[in-house]
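Asks: Just the structure for this:
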Amino acid sequence: MVEIKTDASVDAMREAGRVVAQALKAVQDAASVGVTLRELDGVARKVLREAGAGSPFLDYHPDWAPVPFPGVICASVNDAIVHGVPDGYRLRDGDLLSIDCGASLGGWVGDSAVSFTVGQARQEDVRLIETAREALDAGIAAAVVGNRVGDIAHAVGTVCRRAGYGIPQDFGGHGVGRTMHEGPDVPNEGRPGRGMKLRHGMVIAIEPMLIGGGGDDYRHSPDGWTLRTTDGSRAAHAEHTVAIVAGGAAARVLTAL
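Replies: Purely as a prediction, here's the structure:
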């Protein structure tokens, strides 16, 4: 089911999105060599707590996961694509880190992700991260009234494939509202002109996930949550929650800082 939000509801979702943006910035500022992923999770928890927000990630337990998720952020390092568990791993110089975070505020949810490097960056990682951002921007540009979900998927996938990167086929964007995952599904690759037509008041998360080695295969870690590349190549993840608006305007990014 796809819920069409009122303008007032979108404004309320913007407040939840603002908290997510603040948490992501705080985590990125705190990420340095020697800091643990669990400590970064604590940084995000503090931001949420001070904003009076909850976490849609904490204790989330889909039917495919063996245990509830233990953190308020997903912290995915190097060959981890998404859903990394924030554990005792200490960041090292040159790590590529993807942080995904959500916030629940006033009954509404925001969801966003960012990838960045810790310490001295590898040029190939910089290119991978920049391409993920470009793919996200392309998807947002296609998220206009009258277009279809397939137009977003095609825009994202074109950027990724043109750069030679892989795309994990079973994961992508989704609707966002009173819960973290709602309809419609928003794939990271697809055919233009296909899928649900975009309407004013739809709110979706667009989230490119790129595999640096160029293949699409992935594997689950023993923790049951973390998705990793099968070839050991690095991965990047970028995400914003956006609202579709009338009048031919660009989508409203609800999780911008």
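Asks: which residues are in contact with the longest helix along the chain?
Replies: Criterion DSSP state H: the longest helix present in the chain is helix 7-30. Applying Cβ atoms under 8 Å, 6 or more residues apart in numbering, the contact partners of helix 7-30 are 5, 39-40, 43-44, 46-48, 51, 53, 72-73, 99, 101-114, 116, 176-177, 201, 203, 241, 243, 252-257. Every residue, glycine included, has its C-beta placed from N, CA and C.
Asks: Out of those, name the ones that lie in strands.
Replies: Assigned to strands by DSSP state E, the following of the contacts of helix 7-30 qualify: 73, 99, 101-105, 108-114, 116, 203, 241, 243, 252-253.
Asks: Okay, buried residues for stretch 180-188 please.
Replies: M180, H181, E182, P184, D185, V186, P187, N188 (16 or more other Cβ atoms under 10 Å).
Asks: for the first one, what are its contacts?
Replies: Which is M180. By Cβ under 8 Å, 6+ apart, the residues touching M180 are P56, F57, Y60, G102, V109, D111.
Asks: what do you get for the second one?
Replies: Residues touching H181, when contacts are defined by Cβ under 8 Å, 6+ apart, comprise H174, G175.
Asks: same check, this time on the one 3 residues further on
Replies: Counting by Cβ under 8 Å, 6+ apart, P184 makes contact with V2, V149, H174, G175, G195, M196, I204.
Asks: Of the residues you listed, keep whichever come out buried.
Replies: Buried among these (16+ other Cβ under 10 Å): V149, H174, G175, G195, M196, I204.
Asks: in a helix, that's where the second one is, yeah?
Replies: Pointing back at H174 there. No - assessed with DSSP: H, G, I helix; E, B strand; the rest coil, H174 is strand; it does not lie in a helix.
Asks: Report the beta-bridge partners for it.
Replies: Per DSSP bridges, the residues bridged to H174 are D185, A205.
Asks: per-residue confidence averaged over stretch 43-50?
Replies: What stretch 43-50 shows for mean pLDDT is 98.
Asks: In terms of helices and strands, where is the closest residue to A235 other than its chain neighbours?
Replies: Distances taken as Cβ to Cβ, 6 or more residues apart in numbering place I81 nearest to A235, at 4.1 Å, with adjacent residues excluded. Element membership of I81, judged by DSSP states H and E, is strand 80-82.
Asks: strand partners of that strand, parallel vs antiparallel please.
Replies: strand 227-229 (antiparallel).
Asks: contact partners of the strand it pairs with?
Replies: Contacts of strand 227-229 (Cβ under 8 Å, 6+ apart): 76, 79-83, 166, 168, 171, 211-213, 215, 217-221, 235.
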